[in-house]
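[1] Just to be clear, the model below is a prediction. Sequence and coordinates:
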Amino acid sequence: MMARVAHPDTREDVRREDAPAGIPTWQTVVWNDPVNLMSYVVHVFREYFGFSREQATRLMLAVHHEGHAVAAGGPREQMERRAQAMHDYGLWATVRKAPR
Amino acid sequence: MVMLTITRIEARHLADLMGQFVDLLQATEDAADDDAVARLVPDAYPDDPHAGREFRHATEHELLDRRRDDANRVLSDLEASGASAAEGADDAVVDVALSPDDARAWMRSLAALRLVIASRLGVADEDDHDPDDPRFGVYDWLGYRLDGLVHAVSAD
């Protein structure tokens, strides 16, 4: 009677709680669109994220060629602020849970 | 300080477009009612409608207010420089002096206006371009001006 079988949901909860602190759990993803100019997107990444021209160009090209790229990782609220900032520039950004 | 050199006909055309943009923002009560306005407040959570609604609720008004304020700033910069005045030959050249904040508002506005026009034109990929449609001429011209400003502010 004392022996209990762990419920799968419980195990899942434990696994989530065990995730080390400090690992970015959410991401701001910037998506490719046919309208925004490459030069403008590089400008946005430099101005908002403070990236060097090289970093910003790499990220822009990743968005352009892969269709999307992760621009930032961290707490959810912060990632939402990043996404809103991208929207303010006219870029298309979404927020998602970081894939494990 | 960025000096933008623009012809009077360009300045008048730009003022007209920015005015129409402000009117569109004013006339649209719900961004979801108009694809072009909706593009200015994209869905941040395509896979989570509930989170998407909450995000939209928290950000839509602020974003659209910013678009209106930016566009009005472009209009007042054009007016202050006299560039968009009714008098003067179309091909006369006018200098418009832009502070760094002005230039940022101009770039955001030009980018937003291009998104709106692209939405109206049904631009779905980079090859969607009809050289015979004059609206693409406007779209390209706005892109040319935006690209020029980007290079002017990031010259290093």
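    Perfect, I can see it now. Numbers count the residues shown, from 1 in each chain, chains lettered A, B, ... in the order given.
[2] Please list all residues in contact with the residue of chain B found nearest chain A.
    Going by Cβ to the nearest Cβ, chain A is nearest to B:Ala111 of chain B, at 3.9 Å. Where C-beta positions appear, they are placed from N, C-alpha and C, glycine not excepted. B:Ala111 makes contacts with A:36-37, A:40, A:89-90, B:146, as judged by Cβ atoms under 8 Å, 6 or more residues apart in numbering or on different chains.
[3] what would those look like in JSON lines with secondary structure, pLDDT and distance to B:Thr7?
    Shown next, in JSON lines, are the contacts of B:Ala111 (DSSP: H, G, I helix; E, B strand; the rest coil; pLDDT from 0 to 100; distance: Cβ to Cβ, whole Å):
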{"residue": "A:Asn36", "secondary structure": "coil", "pLDDT": "97", "distance to B:Thr7": "25"}
{"residue": "A:Leu37", "secondary structure": "coil", "pLDDT": "97", "distance to B:Thr7": "22"}
{"residue": "A:Tyr40", "secondary structure": "helix", "pLDDT": "98", "distance to B:Thr7": "23"}
{"residue": "A:Tyr89", "secondary structure": "helix", "pLDDT": "98", "distance to B:Thr7": "27"}
{"residue": "A:Gly90", "secondary structure": "coil", "pLDDT": "98", "distance to B:Thr7": "25"}
{"residue": "B:Leu146", "secondary structure": "helix", "pLDDT": "98", "distance to B:Thr7": "17"}
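[4] which one of those residues is nearest B:Ala118?
    Nearest to B:Ala118 out of the contacts of B:Ala111 is A:Asn36 (Cβ to Cβ; 9.5 Å).
[5] for the residue nearest in space to the middle of chain A, helix, strand, or coil?
    Compute the mean C-alpha point of chain A, and by Cα atoms, centre = their mean the closest residue is A:Gln27, 2.0 Å away. Here A:Gln27 is strand, with the state taken from DSSP: H, G, I helix; E, B strand; the rest coil.
[6] Contact residues of chain B facing chain A?
    B:40-47, B:51, B:55, B:58-59, B:62-63, B:66, B:104, B:107-108, B:111-112, B:114-115, B:118, B:123-126, B:128, B:143, B:146-147, B:150-151, B:153-154, B:156 (Cβ under 8 Å from any Cβ of the partner chain).
[7] Now the helix or strand containing B:Arg114: average pLDDT?
    B:Arg114 belongs to helix B:100-121 when assigned by DSSP states H and E. Confidence for helix B:100-121, expressed as mean pLDDT, is 96.
[8] Around A:Glu66, count how many other residues there are.
    When neighbours are counted by other Cβ atoms under 10 Å in any protein chain shown, A:Glu66 registers 10.
[9] Likewise for the one 4 residues further on?
    By the criterion of other Cβ under 10 Å, A:Val70 has 17 neighbours.
[10] contacting residues for it?
    Contact partners of A:Val70, counting by Cβ under 8 Å, 6+ apart, are A:27-29.
[11] On the three-state scheme, it is what?
    strand.
[12] Could you check how far it is from B:Glu87?
    According to Cβ to Cβ, to the nearest Å, A:Val70 stands 52 Å off from B:Glu87.
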